[in-house]
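Participant: Predicted model and sequence below, questions to follow.
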Amino acid sequence: SSISHCRTAESPTQTWPAIVARGRGLNLTCLGFGGQCHLDPMIARLIRDLPADFLSICVGINVQGSASLSPRTFRTGIIGFVKIVREKHPTMPFAVMSPIISPPRETKPNAVGFNLRMMREEVKAAVAALQAHGDRQVHYVDGLEVLGPDLAHLLPDELHPNAEGYKAMGRNFLDKVAATRFF
């Protein structure tokens with residue numbers, strides 16, 4: 001998504017994925033490309049075939065904006081994506097993050113009746129289903145922990161963080177997520 005692409009970051013080293021990778025001594029491969037996170041199986045296969053010690057995906061905002069998946073297909077799309085990656089990374093820590101705050105999209109449904117609050121519940125349910133079927137290393141991350149309502153002022157267009165917003169996302173992922181769940 002464009003939120004992981006980080007177009008408005010001050011530099012490539014100031015994107016939130018780079019901040020997290022540097023903070024944990026990881027080599028980063030970032031596949032964030034604007035508007036294109038739709039849980040495509042071919043992207044899952046690409047990730048499956050890459051070497052990795054940790055993976056995080058942020059799902060929902062592009063799907064909501066484009067109405068590319070419905071309440072019926074979104075959860076199964078997440079489960080299928082994770083299962084494809086798990087073919088070659090069965091025990092790697094895997095964070096599945098729901099959308100960050102986007103005030104106009106929180107309660108307003110898109111063309112298929114999906115809003116961000118509903119999407120967060122679906123992401124959480126998908127991860128719970130994977131855990132219930134034996135995946136001990138998949139973890140739900142509430143995007144609001146990373147950039148929530150208290151930081152909505154860092155979204156100049158109410159969707160994309162500004163440079164300070166990306167730094168806040170990196171810090172929050174490190175402090176609230178990575179430190180307590182993965183490393």
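Facilitator: Yes, it's here.

Participant: Pull out the buried positions in the longest helix seen in the chain.
Facilitator: When the chain is parsed with DSSP state H, its longest helix is helix 116-132. Within helix 116-132, the residues scored as buried using 16 or more other C-beta atoms under 10 Å are Leu116, Met118, Met119, Arg120, Glu122, Val123, Lys124, Ala126, Val127, Ala129, Leu130. C-beta coordinates here come from the backbone N, C-alpha and C atoms, glycine included.

Participant: Out of the residues you listed, which two sit at the greatest distance?
Facilitator: Leu116 and Leu130 (21.2 Å; C-beta to C-beta).

Participant: Is it correct that Trp16 is in contact with Ala163?
Facilitator: No - applying C-beta atoms under 8 Å, one finds Trp16 not in contact with Ala163, separated by 10.6 Å.

Participant: Please identify which of these two sits among more neighbours.
Facilitator: Comparing Trp16 with Ala163 by other C-beta atoms under 10 Å, the one with more neighbours is Trp16, at 28 against 15.

Participant: Quick check, pLDDT for that one.
Facilitator: pLDDT for Trp16: 97.

Participant: returning to that earlier point: now for Trp16 and Ala163: what residues contact both?
Facilitator: Ala9 (C-beta atoms under 8 Å, 6 or more residues apart in numbering).

Participant: give me the low-pLDDT residue ranges for the protein?
Facilitator: Along the chain, the parts satisfying pLDDT under 70 run over 183.

Participant: element containing the nearest residue to Ala126 once chain neighbours are set aside?
Facilitator: Counting by C-beta to C-beta, 6 or more residues apart in numbering, Ala126 lies nearest to Ile78, which is 3.9 Å off, once chain neighbours are set aside. Using DSSP states H and E, Ile78 sits in helix 74-86.

Participant: what sits up against stretch 38-52?
Facilitator: The contact list for stretch 38-52, computed with C-beta under 8 Å, 6+ apart, reads 29, 31, 55, 59, 62-63, 66, 68-69, 74, 77-78, 80-82, 84-89, 92.

Participant: Just the buried ones among those residues, please.
Facilitator: 55, 59, 62-63, 68-69, 74, 77-78, 81-82, 84-86, 89.

Participant: ok, these vs Gly143, which is closest?
Facilitator: Val59 (9.2 Å).

Participant: Next one: the spatially most central residue of the chain relative to Pro12, how far apart?
Facilitator: Computing the C-alpha centroid of the chain and ranking residues by C-alpha atoms, centre = their mean puts Cys58 first, at 1.0 Å. Using C-beta to C-beta, to the nearest Å, one gets 18 Å for the distance from Cys58 to Pro12.

Participant: what does Val59 give?
Facilitator: Noted for Val59: a distance of 23 Å to Pro12, by C-beta to C-beta.

Participant: Since that was my last question, I'll sign off now.
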